[in-house]
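1. The following block contains a protein sequence and its predicted model.
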Amino acid sequence: MKLNTLHDLYLHQLKDLYSAEQQIIDALPDMAEEATNPELKRAFNEHLEQTRQQKDRLDRVARNLGEDLSGETCQAMKGLIKEGKEMIKQRATDPVKDAGLIAAAQRVEHYEIAGYGTVCTFAEMLGRHDDLELLQETLSEEKNTDERLNKIAKQTVDPAALHATA
Ligand code: FE
Ligand code: FE
Ligand code: FE
(Lines give C-alpha, C1' and ligand atoms only; values in the text may rest on other atoms or scores of the structure.)
(Ligands and ions follow the chains in the order given, each with its own letter.)
Protein backbone atom coordinates (compact mmCIF):
# COMPACT_ATOMS: atom_id res chain seq x y z
CA MET A 1 0.00 0.00 0.00
CA LYS A 2 1.08 3.56 -0.76
CA LEU A 3 1.69 5.85 2.17
CA ASN A 4 1.21 9.39 0.96
CA THR A 5 -0.68 10.90 3.87
CA LEU A 6 -1.02 10.57 7.62
CA HIS A 7 -4.39 8.97 6.91
CA ASP A 8 -2.65 6.24 4.87
CA LEU A 9 -0.18 5.64 7.67
CA TYR A 10 -3.04 5.55 10.19
CA LEU A 11 -4.74 2.84 8.16
CA HIS A 12 -1.46 0.93 7.85
CA GLN A 13 -0.97 1.02 11.63
CA LEU A 14 -4.56 -0.11 12.23
CA LYS A 15 -4.04 -3.07 9.91
CA ASP A 16 -0.94 -4.05 11.84
CA LEU A 17 -2.92 -3.96 15.10
CA TYR A 18 -5.75 -5.92 13.55
CA SER A 19 -3.35 -8.70 12.62
CA ALA A 20 -1.72 -8.51 16.05
CA GLU A 21 -5.06 -8.91 17.86
CA GLN A 22 -6.02 -11.86 15.67
CA GLN A 23 -2.72 -13.59 16.40
CA ILE A 24 -3.20 -12.98 20.13
CA ILE A 25 -6.70 -14.46 20.01
CA ASP A 26 -5.17 -17.59 18.48
CA ALA A 27 -2.30 -17.76 21.01
CA LEU A 28 -3.93 -16.93 24.35
CA PRO A 29 -5.81 -20.22 24.81
CA ASP A 30 -2.47 -22.10 24.85
CA MET A 31 -0.98 -19.57 27.27
CA ALA A 32 -3.99 -19.96 29.59
CA GLU A 33 -3.81 -23.73 29.33
CA GLU A 34 -0.12 -23.73 30.19
CA ALA A 35 -0.34 -21.33 33.16
CA THR A 36 -0.47 -23.16 36.48
CA ASN A 37 -1.14 -20.21 38.76
CA PRO A 38 -4.95 -19.85 38.86
CA GLU A 39 -4.71 -16.06 38.99
CA LEU A 40 -2.57 -16.08 35.86
CA LYS A 41 -4.85 -18.55 34.11
CA ARG A 42 -7.81 -16.26 34.87
CA ALA A 43 -5.92 -13.19 33.66
CA PHE A 44 -5.12 -14.89 30.33
CA ASN A 45 -8.70 -16.10 29.86
CA GLU A 46 -10.17 -12.72 30.71
CA HIS A 47 -7.75 -10.98 28.40
CA LEU A 48 -8.73 -13.41 25.63
CA GLU A 49 -12.33 -12.23 26.00
CA GLN A 50 -11.15 -8.61 26.05
CA THR A 51 -9.01 -9.19 22.97
CA ARG A 52 -12.04 -10.42 21.04
CA GLN A 53 -13.78 -7.16 21.96
CA GLN A 54 -10.68 -5.21 20.92
CA LYS A 55 -10.84 -6.84 17.51
CA ASP A 56 -14.54 -5.92 17.30
CA ARG A 57 -13.60 -2.33 18.13
CA LEU A 58 -11.13 -2.32 15.25
CA ASP A 59 -13.92 -3.63 13.03
CA ARG A 60 -16.01 -0.64 14.13
CA VAL A 61 -13.13 1.72 13.35
CA ALA A 62 -12.85 0.02 9.93
CA ARG A 63 -16.55 0.59 9.30
CA ASN A 64 -16.17 4.26 10.29
CA LEU A 65 -13.38 4.50 7.73
CA GLY A 66 -15.13 2.42 5.09
CA GLU A 67 -12.02 0.25 4.95
CA ASP A 68 -11.03 -3.38 5.42
CA LEU A 69 -8.27 -3.98 7.96
CA SER A 70 -7.56 -7.60 7.07
CA GLY A 71 -4.79 -8.93 4.85
CA GLU A 72 -1.67 -7.70 6.67
CA THR A 73 0.59 -9.70 8.98
CA CYS A 74 2.19 -8.09 11.99
CA GLN A 75 5.63 -9.67 11.87
CA ALA A 76 6.61 -8.42 15.31
CA MET A 77 3.63 -10.16 16.92
CA LYS A 78 4.51 -13.31 15.00
CA GLY A 79 7.93 -13.18 16.64
CA LEU A 80 6.65 -12.34 20.11
CA ILE A 81 4.18 -15.21 19.97
CA LYS A 82 6.91 -17.54 18.76
CA GLU A 83 8.91 -16.59 21.84
CA GLY A 84 5.86 -17.32 24.00
CA LYS A 85 5.49 -20.73 22.37
CA GLU A 86 9.16 -21.47 22.96
CA MET A 87 8.60 -20.65 26.63
CA ILE A 88 5.72 -23.12 26.71
CA LYS A 89 8.05 -25.84 25.42
CA GLN A 90 10.75 -25.22 28.03
CA ARG A 91 11.18 -27.71 30.82
CA ALA A 92 10.69 -25.58 33.92
CA THR A 93 9.14 -25.76 37.35
CA ASP A 94 5.58 -24.42 37.48
CA PRO A 95 6.31 -21.03 39.04
CA VAL A 96 9.30 -20.46 36.78
CA LYS A 97 7.18 -21.39 33.76
CA ASP A 98 4.50 -18.98 34.95
CA ALA A 99 7.07 -16.20 35.34
CA GLY A 100 8.30 -16.95 31.81
CA LEU A 101 4.75 -16.80 30.42
CA ILE A 102 4.25 -13.45 32.13
CA ALA A 103 7.50 -12.17 30.62
CA ALA A 104 6.31 -13.18 27.15
CA ALA A 105 2.81 -11.78 27.69
CA GLN A 106 4.10 -8.44 28.93
CA ARG A 107 6.17 -8.04 25.76
CA VAL A 108 2.96 -8.51 23.81
CA GLU A 109 1.13 -5.92 25.91
CA HIS A 110 3.94 -3.42 25.53
CA TYR A 111 3.89 -3.82 21.76
CA GLU A 112 0.15 -3.21 21.79
CA ILE A 113 0.51 -0.19 24.08
CA ALA A 114 2.99 1.32 21.63
CA GLY A 115 0.73 0.59 18.66
CA TYR A 116 -2.47 1.87 20.23
CA GLY A 117 -0.66 4.91 21.59
CA THR A 118 0.35 5.73 18.00
CA VAL A 119 -3.09 5.26 16.45
CA CYS A 120 -4.68 7.30 19.27
CA THR A 121 -2.31 10.18 18.48
CA PHE A 122 -3.02 9.85 14.75
CA ALA A 123 -6.81 9.67 15.30
CA GLU A 124 -6.58 12.85 17.34
CA MET A 125 -4.45 14.61 14.70
CA LEU A 126 -6.90 13.54 11.99
CA GLY A 127 -9.90 14.69 14.02
CA ARG A 128 -11.39 11.19 14.12
CA HIS A 129 -13.03 11.42 17.51
CA ASP A 130 -15.25 8.33 17.29
CA ASP A 131 -12.22 6.20 16.40
CA LEU A 132 -10.24 7.80 19.19
CA GLU A 133 -12.78 6.84 21.82
CA LEU A 134 -12.74 3.19 20.72
CA LEU A 135 -8.95 3.06 20.49
CA GLN A 136 -8.48 4.70 23.89
CA GLU A 137 -10.71 2.09 25.47
CA THR A 138 -8.47 -0.65 24.12
CA LEU A 139 -5.29 1.21 25.07
CA SER A 140 -6.42 1.40 28.68
CA GLU A 141 -7.28 -2.33 28.69
CA GLU A 142 -3.78 -3.14 27.46
CA LYS A 143 -2.24 -0.95 30.15
CA ASN A 144 -4.41 -2.53 32.84
CA THR A 145 -3.47 -6.00 31.63
CA ASP A 146 0.21 -5.12 31.80
CA GLU A 147 -0.28 -3.84 35.36
CA ARG A 148 -2.22 -6.93 36.33
CA LEU A 149 0.52 -9.21 35.01
CA ASN A 150 3.04 -7.18 36.97
CA LYS A 151 1.06 -7.71 40.16
CA ILE A 152 0.68 -11.41 39.53
CA ALA A 153 4.39 -11.74 38.91
CA LYS A 154 5.21 -9.91 42.12
CA GLN A 155 2.53 -11.20 44.50
CA THR A 156 1.33 -14.55 43.35
CA VAL A 157 4.33 -16.31 41.94
CA ASP A 158 6.03 -17.89 44.92
CA PRO A 159 9.49 -16.31 45.31
CA ALA A 160 10.85 -19.29 47.22
CA ALA A 161 9.90 -21.64 44.42
CA LEU A 162 11.65 -19.43 41.92
CA HIS A 163 14.91 -20.12 43.68
CA ALA A 164 14.42 -23.83 44.22
CA THR A 165 16.78 -26.14 42.41
CA ALA A 166 15.02 -28.90 40.49
FE1 FE B 1 -5.06 -6.37 22.42
FE1 FE C 1 3.50 -4.91 13.79
FE1 FE D 1 -3.44 -7.16 25.05
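-> Yep, that arrived. Ligands and ions are numbered 1, 2, ... in the order given.
2. so which helix or strand takes in residue 78?
-> Assigned by DSSP states H and E, residue 78 belongs to helix 75-89.
3. Contacts for that helix, please.
-> If you take Cβ atoms under 8 Å, 6 or more residues apart in numbering as the criterion, helix 75-89 is touched by 19-20, 23-24, 27, 30-31, 34, 97, 100-101, 103-105, 107-108, 111. The C-beta positions use only the backbone N, C-alpha and C, and glycine is treated the same way.
4. again, 7 Å this time
-> Residues outside helix 75-89 that contact it (Cβ atoms under 7 Å, 6 or more residues apart in numbering) are 19-20, 23, 27, 30-31, 34, 100-101, 104, 107-108, 111.
5. so, in contact with ligand 2 or not, it?
-> Yes: applying Cβ under 5 Å from the ion, one finds helix 75-89 in contact with ligand 2 at residue 76.
6. just to revisit the earlier point, now that you've got the contacts of helix 75-89, can you turn the buried subset into something I can paste into ChimeraX?
-> In ChimeraX, this line selects whichever of the contacts of helix 75-89 come out buried by 16 or more other Cβ atoms under 10 Å:
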select :19,20,23,27,31,34,100,101,104,107,108,111
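7. Tabulate the contacts of helix 75-89 (TSV), appending distance to ligand 2.
-> Output for those, formatted as TSV (distance: Cβ to the ion, whole Å):
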residue	distance to ligand 2
19	7
20	6
23	10
27	15
30	21
31	19
34	24
100	23
101	21
104	16
107	13
108	11
111	7
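8. Now, the contacts of helix 75-89 that are in strands?
-> Among the contacts of helix 75-89, none falls in strands (DSSP state E).
9. which of the contacts of helix 75-89 sit farthest apart?
-> The span of those, defined through Cβ to Cβ, is set by 19 and 100 at 24.6 Å.
10. returning to that earlier point: just the buried positions in the helix holding residue 78, please.
-> 76-77, 80-81, 84, 87-88.
11. Closest to residue 47 out of those?
-> Nearest member of those to residue 47, counting by Cβ to Cβ, is residue 84, at 13.1 Å.
12. List just the nearest of the buried residues of helix 75-89 to ligand 2.
-> Set against ligand 2, the nearest of these by Cβ to the ion is residue 76 (4.2 Å).
13. that older thread, run the chain-centre distance for the helix holding residue 78.
-> In terms of Cα atoms, centre = their mean, to the nearest Å, the centre of helix 75-89 is found 12 Å from the chain centre.
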